[in-house]
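K.L.:
Sequence and predicted structure below; questions after.
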Amino acid sequence: MDTTGPDTARSDTAGPDAVRLDTALREERAARARSLVERMAGERIAAVAVTFVDTAGVTRVKGVPLGAFEHAAAWGVGATPVFDAFGADDSIAATAVANPTGDLRLLPDLDRLVALAAQPGWAWAPADRWTQEGAPHPGCARLLAARTVDRLAAAGLTARAAFEVEWVVYRGTDGEPEPAAPGPAYGMTRLVELSDFAVDLLRALAAEGVDVRQFHPEYTPSQFELSVAPEAPVDAADTAVLVRTTIRGVAARHGLAVSFAPSVADPGVGNGGHLHLSLSRDGRNVFSGGPGRFGLTPEAEAFTAGILRRLPALLAVGAPSVASYLRLLPSHWAGAYACWGRENREAALRLVTGSQGEETTAANVEVKCVDQAANPYLLVAAVLAAGLAGLEEGGPLPEPVHADPAGLSDDERARLGAQRLPTDLATAAAAFAAEPALTAAFGPALTETLLAVRRAEAEAHGGRTPAEIIAATRWRW
Ligand code: GLU
Ligand code: MG
């Protein structure tokens, strides 16, 4: 992973809590929006899709016609706070926010505005959510991610992040859908089967300014994966939303349907949403050039150990669906054991060092046990908060694991501390509730909402077979 290069522009609204939406800021935003509207009109754009991701990981949208965009940029677009309590199935969990009163304002990030290449006439901008009083909404995942990045900056550290995207392509959405590219895993056959789709996708992402590093057919029938260059964490989460929207858009133009759901077949390997992270201090990647194992610095070890210790709790954010636990199985490359290892694809934390000579730009840690039902903003916030807690605690990583933990004896696993991660959502939610570094970072309101949404999801799927869970969740993210 490349850890150099400038960060792309940070959200102008994603500042610290002290920022308020006052008249001066609104006027500045209106003026910027006016020139953007002029440019978009020249590009024949008719409307902007303003999105945010809810607690259950679903991207929700309000469309704003071009003529109304300047007002939306200054004053926001209305959205009920009830969205925070939405489940992936659109049910509403019983929480304090689940009442019909109140309003929030979606403020499109003007720096991230981009024409959607697969949806001609549409542009897209991710939103931060503010109150009508001009204060940050405590439940806004994107603002939480930005605040957590600020906490890292206060510690003198800069993070770079990238989400891997995996998805399965189908011919339609009826019943048990037909895989569109049944050729062999990683096979050139599969690329031929969906050649036009694939090239249109890569062109669309290039037109949107997404820096794609690799695209390949994955293990599961008709599954593909795409990886992108690392960016500042909030930008990486935005990119995850944009990439998935674009994949879906290009697929629709080819009469295809796509699923990003954690599990698409039982038994089978699912769709992961691995998160790569590196840290630098004074421009130097702390995951390389240090005196520790594989060149780790004490700081990188402490940061990674903070994440490792909190993996069960992090699953409530990163594996937030009942379907996530159909994916998170031993020997499925999903990282079902709490351990770390260099290039170990069965460890929940895979250390990537890069090849000899490129370590300083390539070294990073990959969180593998997470999937794309996760809200990417909440996930970067949670993982960074866990890493920050690790930095405060200090101390090295335990012994690395160089094998598939599932193949080790119970004694050997116990000696290495490689515990099986939670096997159900309720256990992960309980671990989150008991983890002060995460509940403090999320704050009481968001913690309560997150737990309520997770419990409602666990209850809704209670008693369902894996096949029923897959059928109920395949098209939700
Ligand atoms: N599809 C696997 C998962 O569920 C990941 C495969 C890989 O890229 O290693 O996470
Ligand atoms: Mg993969």
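P.N.:
Sure, I can see it. Ligands and ions are numbered 1, 2, ... in the order given.
K.L.:
give me the element the residue in the chain positioned nearest to ligand 1 is part of.
P.N.:
Distances between the chain and ligand 1 by CB to the nearest ligand atom are smallest at G272, namely 2.3 Å. C-beta here means a position set from N, CA and C on the backbone, and glycine is covered the same way. Under DSSP states H and E, no helix or strand contains G272.
K.L.:
Neighbours of it, how many?
P.N.:
28 (other CB atoms under 10 Å).
K.L.:
That one and E166 touch, don't they?
P.N.:
Yes - shown here, G272 and E166 form a contact pair, counting by CB atoms under 8 Å, at 5.5 Å.
K.L.:
Identify the contacts common to the two.
P.N.:
Taking CB atoms under 8 Å, 6 or more residues apart in numbering as the criterion, G272 and E166 both touch Q372.
K.L.:
Can you name every helix or strand that the least confident helix or strand in the chain by mean pLDDT contacts?
P.N.:
Lowest mean confidence among the helices and strands of the chain (mean pLDDT, DSSP states H and E): helix 359-362, at a mean of 93. Applying 3 or more CB pairs under 8 Å, 6 or more residues apart in numbering; DSSP states H and E, one finds that helix 359-362 contacts strand 284-285.
K.L.:
ok so, going back, next secondary structure element downstream of the least confident helix or strand of the chain?
P.N.:
Heading C-terminal from helix 359-362 (DSSP H and E), you reach strand 364-367.
K.L.:
Please identify the residues of the chain in proximity to ligand 1?
P.N.:
E166, E218, Y219, V269, G270, N271, G272, R327, W333, A334, R345, K368 (CB under 6 Å from any ligand atom).
K.L.:
will you turn those residues into TSV that also has distance to I469, secondary structure and pLDDT?
P.N.:
Formatted as TSV, the residues of the chain next to ligand 1 follow (distance: CB to CB, whole Å; DSSP: H, G, I helix; E, B strand; the rest coil; pLDDT from 0 to 100):
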residue	distance to I469	secondary structure	pLDDT
E166	18	strand	98
E218	21	coil	98
Y219	20	coil	97
V269	16	coil	97
G270	12	coil	98
N271	14	coil	98
G272	17	coil	98
R327	11	helix	98
W333	20	coil	96
A334	16	coil	98
R345	25	coil	95
K368	21	coil	98
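K.L.:
could you flag which of these are buried?
P.N.:
Buried residues within the residues of the chain next to ligand 1, counting neighbours by 16 or more other CB atoms under 10 Å: E166, E218, V269, G270, N271, G272, R327, W333, A334, K368.
K.L.:
Would you confirm that the last one contacts R350?
P.N.:
Yes - under the criterion of CB under 8 Å, K368 lies in contact with R350, with a separation of 5.7 Å.
K.L.:
Now for those two: what residues contact both?
P.N.:
Common neighbours of K368 and R350 are listed as G335 (criterion: CB under 8 Å, 6+ apart).
K.L.:
hang on, the earlier thing: can you give me phi and psi for the residue of the chain closest to ligand 1?
P.N.:
According to degrees, to the nearest 10, the main-chain angles of G272 amount to phi -90, psi 170.
K.L.:
what about it, distance to E366?
P.N.:
The gap separating G272 from E366 is 10 Å, by CB to CB, to the nearest Å.
K.L.:
Kindly report the same for P100.
P.N.:
42 Å.
K.L.:
Determine which residue lies closest to the centroid of this structure.
P.N.:
With distances taken as CA atoms, centre = their mean, P376 lies nearest the centre of the chain, 2.4 Å away.
K.L.:
Give me the nearest residue to it, chain neighbours excluded.
P.N.:
In space, not counting the residues next to it along the chain, P376 is nearest to A237; the distance is 3.8 Å by CB to CB, 6 or more residues apart in numbering.
K.L.:
would you say the one you found is within a helix?
P.N.:
Yes - under DSSP: H, G, I helix; E, B strand; the rest coil, A237 sits within a helix.
K.L.:
Touching, it and L143? I think so.
P.N.:
No - when contacts are counted by CB under 8 Å, A237 is not listed as touching L143 (11.8 Å).
K.L.:
shaky segments in the chain?
P.N.:
By pLDDT under 70, the low-scoring segments of the chain are 1-18.
K.L.:
Try it again at 50.
P.N.:
1-16 (pLDDT under 50).
K.L.:
which is the next helix or strand following the longest helix along it?
P.N.:
Looking across the chain with DSSP state H, the single longest helix is helix 436-461. For helix 436-461, the following helix or strand on the C-terminal side (DSSP H and E) is helix 466-473.
K.L.:
packing partners for that following helix?
P.N.:
If contacts are counted by 3+ CB pairs under 8 Å, 6+ apart, helix 466-473 sits against helix 324-327, helix 436-461.
K.L.:
Just list the residues touching the residue nearest to V53 when sequence neighbours are not counted, thanks.
P.N.:
Setting aside the residues directly before and after it, V53 is nearest to N375 in space (CB to CB, 6+ apart), at 4.5 Å. Shown in contact with N375 (CB under 8 Å, 6+ apart): V53, D54, T55, A56, G57, A141, V317, P320.
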